[in-house]
Every structure is written in structure tokens, then in C-alpha cells.
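Undergrad: Below is the sequence, then the predicted model.
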Amino acid sequence: MNDFLIFGASGLTGSNFLELIKEEDRTYHLFVRDFIGTEEEKYQTIFSQDNIPELPDSRNLVICLGYPLDFKELLYMKEKTKESFKEVDFDLVVEIAKMAREKDIPNIAIVSAVGSNINSYNFYLKLKAKMESKILSMSFSRTFFAKPGHLLGPRESGRVDNWVRLIEFLGKFFAIFLIGPLRKYRNIAANKVAFELLYMIEAKDPESNHLIECYERD
């Protein structure tokens, strides 16, 4: 049995999470859209939106999937983008979770978003909250949602536009004003999110459901 089954291991948070569990010599299996060249193929399974092979046994399922959006689309999406975003961040995530529940994988951890709110007028935040609610209704033994702000870390050049540069530039100066309950809105390094998620999964906490609001610690 694997310690971790991971979807999205080639992404910003998923790749950091994978490195952490490799450092701890934990067993894992990856579901990927394309093979990761640095990983043995026997530990990887190709999947697509329309074809998710049977899941292997695992103690934990970790989902770090997300449809690629630019900053403007976080604020406003056209209908076609809304459909594509929902297919990945809701439909696909929920389908994977259902398969895991049927497989009796006890624990699930998902990267969501800070500020997710079922009553939000923002499509992005509302859909993230709907996803969280749907996953919670499946009653896994333990459920974790990492809810970070803007993620910092190396991105493909095509994913870094002027809006991303501006957010990261301003984040350096205004972080000191985001204190108390506002700290969760600070920019945060993806490796810190991965660390906090793994820390909570492995903590001996009797609580069954965890909303992990991630922030840079002093």
C-alpha cells in the first residue's frame, strides 16, 4: 500500500509536496497527464479528464489540480472559461474523490483557495467552496483543504505575466499590513504550503476535517 497517491505532482505545490515525501522516504504513486521524466514510470499512471484508471491502494489521496487562470480571470471569467475551470476544479476533483471513497482510501487532502465562500459573488471563490462542501459530504476519515493566497515559486515563462509580477512586487511591501486574520491573504511560497499540508496530514490530531489557512510564519 502506498502512503500517498498524488494528482498534480508536476504543478507548483504538487511538485514540492512530492519532494517532501521523497525526503522522508515515503511510498507514493502519481497520476499524471504526461510522464514526469525524473520519476520511474512504474510509479506513474497516465490519466485524462475522460479516463481515470482504477486507483491503487493508498493511505492518503492528495489533489493539487487546477485549471490555469491568469489574474484577471480570478476576478472575472467568460462563460467558456467558467466551463473549463469547473471541469477541472470541481468535476474532476469530485470524480477522483468519489473513486477514492469507493476504494476506501481513508484520508483526502486538496489544495483549494483562500477566501473560498459559498455565498461569494466571485465565480472562482464560490466554486472552490462548492467543491469543499461536496468533498466534506463524502465523509472521509480525515479531510484537509490547504487554502493559500497567491503562490510563489518558479513557473513556466508563459505563466508569468505582468499581473503576476505586480502581485508579487506589491506583496513584498504590503505584507506587513496583512496581520491577524488578514495574514492568510499574504503571498506564500508553494513549498511552505506543501510543508503545512504534509504536517497536518501526519499530525496526530483527532479532528476529522481541517481547513488549513496557510501563511508565512514569523
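TA: Received it, and whenever you're ready, just let me know what you need.
Undergrad: three-state assignment of residue 31?
TA: Under DSSP: H, G, I helix; E, B strand; the rest coil, residue 31 falls in the strand class.
Undergrad: Could you give the number of residues near it?
TA: 21 (other Cβ atoms under 10 Å). Bear in mind the C-beta positions are built from the backbone N, C-alpha and C, glycine included.
Undergrad: what does residue 45 give?
TA: 18.
Undergrad: Tell me if I'm right that it and residue 33 touch.
TA: No - counting by Cβ atoms under 8 Å, residue 45 does not reach residue 33; the two are 10.6 Å apart.
Undergrad: Buried residues of stretch 42-60, list them for me.
TA: 44-45, 47, 52, 55, 58-60 (16 or more other Cβ atoms under 10 Å).
Undergrad: now that stretch: mean pLDDT?
TA: Stretch 42-60 shows a mean pLDDT of 95.
Undergrad: What is the end-to-end distance of it?
TA: Start-to-end span of stretch 42-60 (Cα to Cα, to the nearest Å) is 19 Å.
Undergrad: and the residue sitting nearest the centre point of the chain, what pLDDT?
TA: In the chain, the residue lying closest to the centroid (Cα atoms, centre = their mean) is residue 111, at 2.2 Å. Here the pLDDT value assigned to residue 111 is 94.
Undergrad: same thing with the one 5 residues further on?
TA: We note a pLDDT of 91 for residue 116 in this prediction.
Undergrad: OK, contacts around it?
TA: With contacts defined as Cβ atoms under 8 Å, 6 or more residues apart in numbering, the neighbours of residue 116 are 125-126, 128-129, 132, 147.
Undergrad: Under a three-state scheme, what state does it occupy?
TA: coil.
Undergrad: The residue nearest to the centre of the chain bridge partners, please.
TA: residue 146 (DSSP bridges).
Undergrad: what does stretch 38-53 contact?
TA: Contacts of stretch 38-53 (Cβ under 8 Å, 6+ apart): 7, 9, 28-36, 56, 87-88, 92, 95-96, 99.
Undergrad: From residue 147, how far off is residue 111?
TA: 8 Å (Cβ to Cβ, to the nearest Å).
Undergrad: Could you list the low-confidence segments of the protein?
TA: Within the chain, the stretches with pLDDT under 70 are 150-187, 206-209, 212-218.
Undergrad: What are the boundaries of the helices in it?
TA: Shown for the chain, the helices assigned by DSSP state H span residues 12-23, 71-75, 79-86, 93-102, 123-136, 162-174, 190-202.
Undergrad: can you put those helices in CSV and add mean neighbour count and distance to residue 1?
TA: Shown next, in CSV, are the helices of the chain (neighbours: other Cβ atoms under 10 Å; distance: least, Cβ to Cβ, whole Å):
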stretch, mean neighbour count, distance to residue 1
helix 12-23, 20, 14
helix 71-75, 13, 38
helix 79-86, 14, 33
helix 93-102, 17, 13
helix 123-136, 19, 22
helix 162-174, 12, 39
helix 190-202, 20, 15
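Undergrad: Compare those helices and give me the one nearest residue 142.
TA: helix 190-202 (7.7 Å; Cβ to Cβ).
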